[in-house]
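>>> Based on what follows, work out the 3D shape:
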Amino acid sequence: MDRAQIILLGLPLFLFCSDILNLFTLRPPPPPPHKAPHHLQNKPPPLPKDSLAFPSQKPRDGAIGVGNTVKISFCTSCSYKGTAVTMTKMIESAFPGIEVVLSNYPPALPKRVLSKLVPVVQFGMFGLVMGGEQLFPMVGMAPPPWLYSLRANRFGTMASTWLLGNALQSFLQGTGAFEVSLNDELIFSKLEEGRFPGEIELRDAIGRKLVNSGITGDGALWT
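Now for the predicted structure:
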């Protein structure tokens, strides 16, 4: 077995093992907060950078949205980011001081595991197409007839495997979700409604929840 065949066989196994380890390995606890020197304690802390390049609104004292958090969990592989960013700007404009958090809505565990197996199958197929004639005799088997059919059109086989595998992986990672919650209370679910929320509809729903909860910054009511 030459070096190229070893790489083609070893790379899928390495990717599969690393994905399994990342899937089941617990993240380490965050480090304890570092206390600043005494002469720096009066300085305001730096604002954290927005994750995933999503916009955020700086809270203002007395604003109606201060102390409240809206979380939008959406399917990133479904190209819903533009809609989520538009809703974020609307919410921050309608409720100054409110915090909007955007995050990916993950698929179920079986789909996540299957999506990790797709690249392994793709690279395994590439290895069979490139060196299948040497691999089967190594395990005491004769190359099957379908292997020669695949090798007859190597470029077409590899391109089809790549395109179909990517499409299958996108399908497994897609959830179609666009879930909006206020202070961990669900106020809209695309999975239940089967549609996206309207901007006015979502603004009114958040406004009613803020008024009913009584957590509206300086106590002013939104109308």
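
>>> didn't residue 168 look like it was pressed against residue 118?
Yes. The criterion here is CB atoms under 8 Å, and residue 168 meets it with residue 118 at 5.6 Å. All C-beta spots, glycine's among them, are computed from the backbone N, C-alpha and C.

>>> Settle it for me: which of the two has more neighbours?
residue 118 (19 against 16; other CB atoms under 10 Å).

>>> Work out for me the element that one sits within.
In this structure, residue 118 sits in helix 109-138 according to DSSP states H and E.

>>> what's the closest non-adjacent residue to residue 136?
residue 143 (4.7 Å; CB to CB, 6 or more residues apart in numbering).

>>> Tell me, how many residues neighbour that neighbour?
With other CB under 10 Å as criterion, residue 143 counts 15.

>>> Is it in a helix, a strand, or coil?
Here residue 143 is recorded as coil under DSSP: H, G, I helix; E, B strand; the rest coil.

>>> ok, now which ones touch it?
By CB atoms under 8 Å, 6 or more residues apart in numbering, the contact set of residue 143 is 132-133, 136-137.

>>> What backbone torsions are found at it?
Main-chain torsions, residue 143, degrees, to the nearest 10: phi -60, psi 130.

>>> Helix or strand with the lowest mean pLDDT in this structure?
Using mean pLDDT, DSSP states H and E, the weakest-scoring helix or strand in the chain turns out to be helix 3-24, at a mean of 59.

>>> Quick check: next helix or strand after that one?
strand 69-74.

>>> With only the CA atoms kept, save that following strand in CSV.
Extracted C-alpha coordinates of strand 69-74, given in CSV (Å, rounded to 0.1, in the frame of the first residue of the first chain):
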residue,chain,number,x,y,z
THR,A,69,-33.4,39.0,27.1
VAL,A,70,-34.8,37.8,23.8
LYS,A,71,-33.4,34.6,22.4
ILE,A,72,-33.8,33.7,18.8
SER,A,73,-32.8,30.1,18.0
PHE,A,74,-32.8,29.4,14.3
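
>>> which secondary structure elements does that strand contact?
helix 81-94, strand 99-104, strand 178-182 (3 or more CB pairs under 8 Å, 6 or more residues apart in numbering; DSSP states H and E).

>>> follow-up on the earlier one: now the contacts of residue 143 in a markdown table, with distance to residue 73?
Output for the contacts of residue 143, formatted as a markdown table (distance: CB to CB, whole Å):
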| residue | distance to residue 73 |
| --- | --- |
| 132 | 44 |
| 133 | 49 |
| 136 | 47 |
| 137 | 51 |
